[in-house]
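Undergrad: sequence-free structure coming up:
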């Protein structure tokens, strides 16, 4: 990628609901230093900025680098972001971010230009650039964890939308009469196919008295039940756990099918915590997606797991700074 | 549009389930001649090509033009099309098109280079280029008639997908437990929000014995009931007709909400026969779409009716030939 040769390293930040991660990324996508800290459990904007700056400076010192050596700062953040104005409009799990001009606040703090975008959008860019090395021009990336997010590469460029808030695939309605979603609406893909949906569905069945080893695994405390625990139980042959994963796979597949119809991608990359369940989830999900995707009649689609894990938004934020989503 | 100045006129064809239309389009989007004929009701490929050639030559003679004066031929066609190979994979209402290499067949017939794409995709390009004059960079176009189709402009370029089959929005699942769709799957947007869905839903209620002036309007023949008739009845205050339109508007809105979340467009253009119902449908549909679209928190969206009517795919096909979807 000759394009990278003129570039300087980038300091990147990833601000999520529970943790803040930072990295120093060299041109070509090499991470030379990482740091992380907890996201303050507070609606105080100053506390969040303090924490972000602390983690950022820690990553810099780990790389023995200074801010002035950086090309710019790339920031990945959960939530709805207007990238034109640099404002985080709403971030469901970060109470300090409500119509917050995060780009300018961080830029003032650090004395550096900042580029800001949604975490799943940047993960898509990271996976495309450094996972797939741009081997395709049309990619759909979906992250299935507590919620569902997404990012799209179309004709070799990042899909942004009019104000940079595109790719909000988790709140696509797939069941118009379906269950309530955390967003306040109902029947969203996220309400049916996310890790939280899997856990909640399982808990409801346990509370209704169904027999399962998840009861023991959770120590009787239903708040311990999560996607990982259901997966563990399924591997031990637990009938309820297997059924719950099958149902989640079905809903994951329905949403993927929609995105395949809409984007006709050659590759769909699935990331996020729920993919740790592995083939038991992704196999049937891919089958459902292909069966429901009308356009696969014109050309098949490769559905695979993400390669970069937690690094993807950090690498995507660096790629954003280097302008790699625009070419 | 200085870009157009070097260009020659384009002969365009639009092949649909019931009619074939042709036009000669001058640079700048001026139609100088139109012709139309019926689509042969036959699975004979030769009969379809004969009919297409006849209509095409009629349009040429109406413009007093020869094929050799044309830059190329732009062809819009209903169905799933692999634009890379020029093959119409499947066209639900044109029996003669089943894995048909339409681009090369027409190119041989006419002795001219041919560009081929899906009709709704080209209608999107036509509306963007000649309806909105590129006043936006991010546009979602949806046509709601017998079925539902769509086309997308993202970052000022036509969304194509890996093999040119993108934008198949009508077969996005919005009700995973919903009714059967003509495509063989179920719960597709088209199965709930199209003109056919509106008519079928109304007929079911009439057959169940509900009182409505549609009974008289149809002359007692349920096969006469269509979206236009329901609209007429609603304007006369018919309670059932009003309820049916409200329900259709709701489903139209749910699907539009999904597309707004996914693309974050600044404008959504709705075309197709069903829009003739007017504000009684589009008003409530737009309201539902905005309420369900998560990303409108970052920036509002303008939802409006299409401007070019039946000309949009013909103009889009000309724009395709001139390379206007790529810049």
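TA: Yes, it's here. Keep in mind the model is a prediction, meaning the values are calculated, not measured.

Undergrad: Could you use CA atoms for every contact and neighbour count after this?
TA: Noted.

Undergrad: Okay, buried residues for stretch A:60-74 please.
TA: Using 16 or more other Cα atoms under 10 Å in any protein chain shown as the test for burial, stretch A:60-74 gives A:60-61, A:63, A:65, A:67, A:70-74.

Undergrad: mind putting those in a markdown table, pLDDT and secondary structure included?
TA: Formatted as a markdown table, those follow (pLDDT from 0 to 100; DSSP: H, G, I helix; E, B strand; the rest coil):
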| residue | pLDDT | secondary structure |
| --- | --- | --- |
| A:60 | 98 | helix |
| A:61 | 97 | helix |
| A:63 | 97 | coil |
| A:65 | 96 | coil |
| A:67 | 95 | helix |
| A:70 | 97 | coil |
| A:71 | 96 | coil |
| A:72 | 98 | coil |
| A:73 | 98 | strand |
| A:74 | 98 | strand |
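
Undergrad: Also near chain B: which of these, exactly?
TA: Among those, no residue sits close to chain B (Cα under 8 Å from any Cα of the partner chain).

Undergrad: Please enumerate the strands of the stretch 101-250 of chain A.
TA: Assigned by DSSP state E, counting those that start in this stretch, the stretch 101-250 of chain A shows strands spanning A:114-118, A:139-144, A:148-154, A:157-158.

Undergrad: Rebuild the ones you listed as CSV, extending it with mean neighbour count and distance to chain B.
TA: Output for the strands of the stretch 101-250 of chain A, formatted as CSV (neighbours: other Cα atoms under 10 Å in any protein chain shown; distance: least, Cα to the nearest Cα, whole Å):
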stretch, mean neighbour count, distance to chain B
strand A:114-118, 27, 12
strand A:139-144, 28, 9
strand A:148-154, 27, 7
strand A:157-158, 22, 9
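
Undergrad: Adding distance to residue A:279 and mean pLDDT, write these out as TSV.
TA: Putting these into TSV (distance: least, Cα to Cα, whole Å; pLDDT from 0 to 100) gives the following:
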stretch	distance to residue A:279	mean pLDDT
strand A:114-118	28	98
strand A:139-144	14	98
strand A:148-154	19	97
strand A:157-158	28	96
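
Undergrad: Contacts only, for the nearest residue to residue A:196 once chain neighbours are set aside.
TA: Sequence neighbours aside, residue A:146 is the residue nearest to residue A:196 in space, at 5.2 Å (criterion: Cα to Cα, 6 or more residues apart in numbering or on different chains). Each residue near residue A:146 by Cα atoms under 8 Å, 6 or more residues apart in numbering or on different chains is listed here: A:194-196, A:273.

Undergrad: Pull out the buried positions in stretch A:290-303.
TA: Neighbour counts over stretch A:290-303 (16+ other Cα under 10 Å) mark A:290-301, A:303 as buried.

Undergrad: Among those residues, which ones are in strands?
TA: residue A:303 (DSSP state E).

Undergrad: Looking at the buried residues of stretch A:290-303, which are in helices?
TA: Counting by DSSP state H, the part of these found in helices is A:290-292.

Undergrad: Now these in JSON lines, please, with extra columns for distance to chain B and pLDDT.
TA: Shown next, in JSON lines, are those (distance: Cα to the nearest Cα, whole Å; pLDDT from 0 to 100):
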{"residue": "A:290", "distance to chain B": "12", "pLDDT": "94"}
{"residue": "A:291", "distance to chain B": "9", "pLDDT": "93"}
{"residue": "A:292", "distance to chain B": "7", "pLDDT": "91"}
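
Undergrad: Check which residues of stretch A:207-225 are buried.
TA: A:212-215, A:217, A:222, A:225.

Undergrad: which one's the longest helix in chain A?
TA: Scanning chain A for the longest helix, with DSSP H as the assignment, gives helix A:239-263.

Undergrad: quick one, that helix and strand A:148-154 angle?
TA: Angle, helix A:239-263 to strand A:148-154, by axes from the mean of the first three to the mean of the last three Cα atoms, to 10 degrees: 30 degrees.

Undergrad: tell me the mean pLDDT for helix A:239-263?
TA: Averaged across helix A:239-263, pLDDT comes to 98.

Undergrad: list the buried ones in that helix?
TA: For helix A:239-263, burial by neighbour count (16+ other Cα under 10 Å) applies to A:240-242, A:244-263.

Undergrad: Keep the residues you listed, but drop any that are not near chain B.
TA: A:254-255, A:257-263.

Undergrad: and which of those residues is nearest residue B:177?
TA: Comparing those against residue B:177 with Cα to Cα places residue A:254 closest, at 11.2 Å.

Undergrad: List the contacts of the closest one.
TA: Counting by Cα under 8 Å, 6+ apart, residue A:254 makes contact with A:174, A:285, A:288-289, A:292, B:173, B:176.

Undergrad: distance of it from residue B:35?
TA: Distance check for residue A:254 against residue B:35: by Cα to Cα, to the nearest Å, it reads 42 Å.

Undergrad: likewise residue A:173?
TA: Distance of residue A:173 to residue B:35, given as Cα to Cα: 41 Å.

Undergrad: Have a look at the two and say which one is more surrounded.
TA: The residue with more neighbours, out of residue A:173 and residue B:35, is residue A:173; 31 against 19, by other Cα atoms under 10 Å in any protein chain shown.

Undergrad: Was I right to think that one contacts residue B:256?
TA: No: Residue A:173 lies out of contact with residue B:256 (Cα atoms under 8 Å); the separation is 10.2 Å.

Undergrad: Among the contacts of residue A:146, list the two that are farthest apart in space.
TA: Farthest pair in the contacts of residue A:146, by Cα to Cα: A:196 and A:273, 10.8 Å.

Undergrad: what sits in contact with each of those two?
TA: A:145-146.

Undergrad: Of the two, which one has the most company?
TA: Between residue A:196 and residue A:273, counted using other Cα under 10 Å, the more crowded position is residue A:196 (21 against 18).

Undergrad: residue contacts, that one?
TA: Contacts of residue A:196 (Cα under 8 Å, 6+ apart): A:145-147, A:226-227.

Undergrad: Okay, and which of these map to helices?
TA: Per DSSP H, those map to helices at residue A:227.

Undergrad: Let's see if you can find the most crowded of the contacts of residue A:196.
TA: Greatest neighbour count in the contacts of residue A:196, by other Cα under 10 Å, goes to residue A:227: 27 neighbours.

Undergrad: Helices along chain A, start to end?
TA: Remark: helices assigned in chain A by DSSP H are A:45-62, A:102-110, A:119-126, A:189-193, A:195-207, A:214-217, A:227-235, A:239-263, A:279-292, A:311-321.

Undergrad: Make JSON lines from those and add distance to residue B:11 to it.
TA: Shown next, in JSON lines, are the helices of chain A (distance: least, Cα to Cα, whole Å):
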{"stretch": "helix A:45-62", "distance to residue B:11": "59"}
{"stretch": "helix A:102-110", "distance to residue B:11": "50"}
{"stretch": "helix A:119-126", "distance to residue B:11": "40"}
{"stretch": "helix A:189-193", "distance to residue B:11": "44"}
{"stretch": "helix A:195-207", "distance to residue B:11": "53"}
{"stretch": "helix A:214-217", "distance to residue B:11": "66"}
{"stretch": "helix A:227-235", "distance to residue B:11": "57"}
{"stretch": "helix A:239-263", "distance to residue B:11": "29"}
{"stretch": "helix A:279-292", "distance to residue B:11": "36"}
{"stretch": "helix A:311-321", "distance to residue B:11": "42"}
